[in-house]
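Participant: sharing a model that was predicted from the sequence below.
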Amino acid sequence: MRFTDTIDRLRGGLIVSCQAYPGEAMRDPRTMAQVAAAALVGGAIGIRVQGLDDIRAVAELPVPVVGLWKDGDADVFITPTLEHAKAVADAGADIVAIDGTRRPRPDGRTLAETVAGIRAHTDALIMADCGSLDDAVAAEAAGADILGTTLSGYTGERPKTDGPDLELIGLIAERCTRPIVAEGRIHTPDHAAAAIAAGALAVCVGTAITHPATITSWFADALARTHA
Ligand SMILES: CC(=O)N[C@H](C=O)[C@@H](O)[C@H](O)[C@H](O)COP(=O)(O)O
């Protein structure tokens with residue numbers, strides 16, 4: 001029931017990822033909650049945030065909250081262990097986003113063991129942040145509820161496309177039955193529409209909506225090239 005209800009609410013819609021990085025001026029849970037509230041006014045149907053304080057700061061918003069906890073210097077850093085995932089759920093996430101790759105995890109658990117441990121702890125849905133088709137197939141077999149393309153271009157298995165990895169979305173849609181959230185380098189409304197057309201249930205946009213330093217650099221670099 002909870003699965004169906006949450007998936008129905010996400011269908012065809014825009015999740016906005018509100019994240020500021022260590023040392024950045026906007027890295028403050030209140031600021032991220034304000035950015036999230038503004039995104040809802042614009043039509044977001046879901047919010048994705050990083051860190052336990054940020055999750056708590058948006059947990060009462062009237063939309064599904066995708067929570068994650070980036071931690072550590074290892075390759076696997078998005079909600080890297082079962083303990084991180086439980087904490088994300090306890091902070092109020094409706095959907096716990098975890099590393100969904102086939103790489104070794106810092107706590108030595110497999111993805112299937114991690115998913116089982118989260119299920120035993122919470123009824124939150126589980127989103128596997130994948131970097132390839134093989135990841136998505138394995139994540140579905142491990143029991144993940146949602147397959148994300150979040151890590152495409154960041155694990156060495158897929159090229160870092162200029163824009164979303166539409167090919168990967170199509171490949172996952174062909175092979176897997178779990179819903180797909182297209183995430184990563186969706187920079188324009190056309191990109192978002194193309195991701196849905198390729199087979200995604202919903203799209204998640206971060207940088208292009210909520211990261212002013214990067215957006216500013218796109219404009220500034222274009223002007224610098226014009227005047228070079
Ligand atoms: C690879 C990684 O660490 N991705 C992170 C996952 O939460 C975020 O830094 C991204 O901003 C997010 O996935 C949204 O993607 P984009 O910002 O490209 O719209």
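Facilitator: Looks like it arrived, so ask away.
Participant: now do the strands in this protein.
Facilitator: Assignment of strands within the chain using DSSP state E yields the ranges 14-18, 46-50, 65-68, 95-99, 125-129, 146-148, 180-183, 202-205.
Participant: and the contacts of stretch 18-30?
Facilitator: Stretch 18-30 is contacted by residues 31-32, 35-36, 39, 47-51, 53-54, 56-58, 206, 210-213 when judged by CB atoms under 8 Å, 6 or more residues apart in numbering. The C-beta positions use only the backbone N, C-alpha and C, and glycine is treated the same way.
Participant: pull out the buried residues from those.
Facilitator: Buried by 16 or more other CB atoms under 10 Å: 31-32, 35-36, 39, 47-51, 54, 56-58, 206, 210-211, out of the contacts of stretch 18-30.
Participant: just the contacts of stretch 18-30 that are near the ligand?
Facilitator: Among those, the residues lying close to the ligand (CB under 6 Å from any ligand atom) are residue 206.
Participant: restricted to helices, list the contacts of stretch 18-30.
Facilitator: Judged by DSSP state H, the contacts of stretch 18-30 include 31-32, 35-36, 39, 53-54, 56-58, 210, 212-213 as members of helices.
Participant: show me which of those is closest to the ligand.
Facilitator: Nearest to the ligand among those, counting by CB to the nearest ligand atom, is residue 210 at 8.0 Å.
Participant: who touches that closest one in this structure?
Facilitator: 16, 17, 18, 19, 35, 39.
Participant: pLDDT score assigned to residue 1?
Facilitator: Note on residue 1: pLDDT of 50.
Participant: kind regards, and thank you for your time.
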